[in-house]
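**Student:** here you go, sequence then predicted model.
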Amino acid sequence: MAARDLPASAAVADAGPAARVAVPPPPTWRALSSAPMAPWTERRTPLYTYVLAGDIGMSAGQAAGKTHAGPKSRAQKAMVRLLAEVQAEDGPEADAALAAVHQFLVPAWPRTARQTLSTAEAAARPAPLSLAEVDLIKSRAHLDLLRVVLAGQPRMAQRLRGLGPFLATTRQPLGELVQRSAAGRLVVADHAPVLLIDLGQQGESSLLAAVKSLKVVARAANEGQTSAIGPLRTPLLSALRSTGAAPPPVLETPVPAVRRPK
């Protein structure tokens with residue numbers, strides 16, 4: 001039988017590795033529809049950054065049609081810009097390097113699969129996420145759990161009383177930083193480092209610089225290391241200063257010492 005008469009599956013098999021479709025890298029961000037204490041069933045990475053906001057729902061003034069820029073309106077605009085920057089692509093190589101070590105997580109309403117893409121493509125290229133799709137109730141639930149984790153850090157807990165938006169970077173999914181005791185109380189796990197960036201009342205240049213700098217630090221955090229990732233605040237502040245933008249407040253809980261192999 002001539003080569004042109006072969007079944008399509010056989011032709012692809014005979015074409016060799018060059019004909020195989022490359023598997024796209026995982027996304028650098030994810031719309032998170034699960035509750036903060038739900039078992040983690042998604043992809044695991046060394047770092048997770050939660051994109052969170054407080055009570056930034058429509059204010060009474062906005063509901064009445066007033067257009068003055070109050071605190072909630074400003075926080076909403078900041079969240080819109082933050083979402084755009086979190087979802088921005090930096091090129092295939094840079095995005096693949098980031099996705100290997102880190103993922104942004106945005107609490108959002110459940111979304112149906114994109115019908116125009118295969119399952120693999122839909123997972124690798126999620127549809128853009130808008131502020132209307134952010135689940136503010138679930139976002140506040142994540143903030144409430146984060147307050148429990150940071151109860152022993154007064155300065156960080158104080159920051160979380162604002163409207164945000166916030167970026168909170170952890171080494172485990174947030175729900176795994178606490179455990180429920182036999183008496184039903186939440187107990188914070190030992191060695192649960194958290195990096196907190198408060199973007200509330202920050203200018204656009206500071207907000208953009210924070211996301212870009214966090215991406216840079218995340219990509220570099222695991223390069224050549226064979227042990228746990230160390231503190232992130234110092235390299236993040238260094239990256240922020242290099243942008244020339246005014247750095248937003250950056251706080252971090254104590255990080256266990258990183259032991260290097262001898």
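**Tutor:** Looks like it came in fine.
**Student:** any low-confidence regions in this protein?
**Tutor:** Within the chain, the set of residues satisfying pLDDT under 70 comprises 1-23, 58-69, 111-126, 222-228, 256-262.
**Student:** which residue packs closest to the residue nearest in space to the middle of it, ignoring adjacent ones?
**Tutor:** The chain has Phe104 as the residue nearest its centroid, 1.6 Å off, counting by C-alpha atoms, centre = their mean. The shortest distance from Phe104 to any non-neighbouring residue, by C-beta to C-beta, 6 or more residues apart in numbering, is to Trp29 (3.8 Å). (Glycine included, C-beta is placed from N, CA and C.)
**Student:** relative to Val187, how far out is the one you found?
**Tutor:** 30 Å (C-beta to C-beta, to the nearest Å).
**Student:** check Ala88 too.
**Tutor:** Remark: distance between Ala88 and Val187 (C-beta to C-beta) = 38 Å.
**Student:** of those two, who's got more company?
**Tutor:** Ala88 (14 against 11; other C-beta atoms under 10 Å).
**Student:** run through the helices of the stretch 101-250 of the chain in chain order.
**Tutor:** Using DSSP state H, counting those that start in this stretch, the helices assigned to the stretch 101-250 of the chain run over residues 119-124, 136-149, 154-159, 204-221, 233-243.
**Student:** most packed of these?
**Tutor:** Comparing the helices of the stretch 101-250 of the chain by mean neighbour count (mean count of other C-beta atoms under 10 Å), helix 204-221 ranks first with a mean of 20.
**Student:** that one to helix 233-243, inter-axis angle?
**Tutor:** An angle of 130 degrees separates the directions of helix 204-221 and helix 233-243 when computed by axes from the mean of the first three to the mean of the last three C-alpha atoms, to 10 degrees.
**Student:** list the contacts of helix 204-221.
**Tutor:** If you take C-beta atoms under 8 Å, 6 or more residues apart in numbering as the criterion, helix 204-221 is touched by 46-47, 49, 78, 81-82, 85-86, 88, 90, 94, 97-98, 101-102, 167, 169, 197, 199, 202, 229-230, 232, 235-236, 239-240, 242-243, 245-248.
**Student:** buried subset of the residues you listed, written for ChimeraX?
**Tutor:** Here is the ChimeraX command that selects only those of these that count as buried (16 or more other C-beta atoms under 10 Å):
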select :46,47,49,78,81,82,85,86,97,98,101,102,167,169,197,199,202,229,232,235,236,239,240,243,245,247,248
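**Student:** what about the contacts of helix 204-221, which are in strands?
**Tutor:** When those are checked against strands (DSSP state E), the matches are Leu47, Thr49, His102, Leu167, Thr169, Ile197.
**Student:** tabulate those in JSON lines, adding columns for distance to Gly57.
**Tutor:** Output for the ones in strands among the contacts of helix 204-221, formatted as JSON lines (distance: C-beta to C-beta, whole Å):
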{"residue": "Leu47", "distance to Gly57": "29"}
{"residue": "Thr49", "distance to Gly57": "23"}
{"residue": "His102", "distance to Gly57": "29"}
{"residue": "Leu167", "distance to Gly57": "20"}
{"residue": "Thr169", "distance to Gly57": "25"}
{"residue": "Ile197", "distance to Gly57": "22"}
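**Student:** Val148: which of these is nearest?
**Tutor:** For the ones in strands among the contacts of helix 204-221, the closest approach to Val148 (C-beta to C-beta) belongs to Thr169, at 17.1 Å.
**Student:** identify the bridge partners of that closest one.
**Tutor:** Assessed by DSSP bridges, Thr169 has beta-bridge partners Thr49, Leu195.
**Student:** swap in Val134?
**Tutor:** Per DSSP bridges, residues listed as beta-bridge partners of Val134: Ala108.
**Student:** wait, it sits on Leu83?
**Tutor:** Yes. Proximity of Val134 to Leu83 meets the contact threshold set by C-beta atoms under 8 Å, at 7.4 Å.
**Student:** what do these two both touch?
**Tutor:** Val106.
**Student:** give the contact list for the nearest residue to Ile197 once chain neighbours are set aside.
**Tutor:** Closest residue to Ile197 in three dimensions, ignoring its sequence neighbours and counting by C-beta to C-beta, 6+ apart: Leu167, at 4.2 Å. Residues counted as contacts of Leu167 (C-beta under 8 Å, 6+ apart) are Thr49, Tyr50, Val51, Leu52, Leu82, Leu195, Leu196, Ile197, Leu199, Ala210, Val211, Leu214.
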